[in-house]
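# Structure of the sequence below:
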Amino acid sequence: MAIQILRDIKGLRVQAIHPNDAEGKQLVEQLKRIGCFVETTWPIPASFAENVDLVLLAMEQEDRDALQKLVKSRTETSPTLIAIVGYESPSALALVLESDVLAVIERPVKPFGLLTQIALARSLWLERREQARRVRKLERKLNGIQQIQKAKAILMASQSATEEEAFQSIRKQAMAKRVSMEEMATAIIRANDLLNFRPDDA
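Residues are numbered from 1 along each chain as shown. Next up, the predicted model:
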């Protein structure tokens with residue numbers, strides 16, 4: 001995975017949110033030397049550019065409100081975020097922590113270390129995305145188990161079946177209709193809701 005991350009850096013779409021000064025130009029040149037496709041933005045926008053993989057964000061105390069607004073626009077699919085900071089102080093550190101960045105580059109930006117920070121940040125970002133995917137998968141699985149349990153209870157009550165008989169009934173119906181047990185359970189629950197619907201309940 002580590003080798004793949006290094007390979008993927010070449011070709012990353014990068015948004016550099018940084019003043020168009022000498023340091024900003026040097027940063028863009030270094031990113032291009034690494035092999036990234038770079039677009040620059042300044043002043044700080046209200047949201048991240050679409051279809052970018054990585055954002056390098058210059059953080060200054062005087063831009064706190066704009067920074068907070070930008071960070072709040074983040075979603076689960078937002079790009080990897082790296083902060084560029086000019087000094088260390090409790091307030092600057094708080095701003096970095098609030099922004100949930102995955103790496104920090106100190107100002108003045110130097111060519112040495114930039115690639116390392118990008119690689120570390122991308123590695124953490126990919127790991128977080130994989131963890132989020134696993135959580136969603138587990139949540140779907142848990143929801144499916146709960147649906148099956150509810151459908152079993154319905155069949156046990158309506159057909160005087162044992163738990164095993166209810167389970168086998170759901171399984172056989174799912175196989176016959178070529179759907180998952182979770183889908184079959186959901187259909188049973190919906191059918192039961194319709195059969196037991198009372199206009200007064202609406």
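# Domain ranges for the chain, per the record?
2-112, 137-201 (automatic domain parsing).
# in this protein, which spans are helices?
2-9, 22-34, 64-72, 90-98, 114-159, 163-177, 181-195 (DSSP state H).
# How many neighbouring residues does Met181 have?
Met181 has 18 neighbours, counted by other CB atoms under 10 Å. To be clear about C-beta, it is placed using only N, CA and C from the backbone, and glycine gets the same treatment.
# Next, the contact list for the residue lying closest to it once chain neighbours are set aside, please.
Nearest residue to Met181, sequence neighbours excluded (CB to CB, 6 or more residues apart in numbering): Ala174, at 4.7 Å. Neighbouring residues of Ala174 by CB atoms under 8 Å, 6 or more residues apart in numbering: 180-181, 183-184.
# give me the number of residues near the nearest residue to Leu31 once chain neighbours are set aside?
Nearest residue to Leu31 in three dimensions, chain neighbours excluded: Val38, at 4.8 Å (CB to CB, 6+ apart). By the criterion of other CB under 10 Å, Val38 has 19 neighbours.
# who's in contact with Val38?
14-16, 28, 31-32.
# where does this protein dip in pLDDT?
1-3, 6, 199-202 (pLDDT under 70).
# Give the closest residue to the residue nearest the centre of it in space, chain neighbours not counted.
Residue closest to the average C-alpha location in the chain (CA atoms, centre = their mean): Glu76, at 2.8 Å. Nearest non-adjacent residue to Glu76, counting by CB to CB, 6+ apart: Ala132, 6.4 Å away.
# Pull the number of nearby residues for the one you found.
By the measure other CB under 10 Å, the count of residues near Ala132 is 12.
# likewise Trp125?
Count around Trp125 with other CB under 10 Å applied: 20.
# Surely it touches Leu102?
Yes: at 5.8 Å, Trp125 and Leu102 qualify as touching, with contact defined as CB atoms under 8 Å.
# isn't Leu54 right up against Arg13?
Yes: counting by CB under 8 Å, Arg13 is a contact partner of Leu54 at 7.3 Å.
# For the two, indicate the residue with more neighbours.
More crowded of Leu54 and Arg13, by other CB under 10 Å: Leu54, with 23 against 16.
# which residues does the more buried one contact?
Residues in contact with Leu54 (CB under 8 Å, 6+ apart) are 12-15, 36, 79-82, 118, 121-122.
# tell me which residues form a beta bridge with it?
Val14, Thr80 (DSSP bridges).
# filter the contacts of Val38 to the buried ones?
Buried members of those, counted by 16 or more other CB atoms under 10 Å: 14-16, 28, 31.
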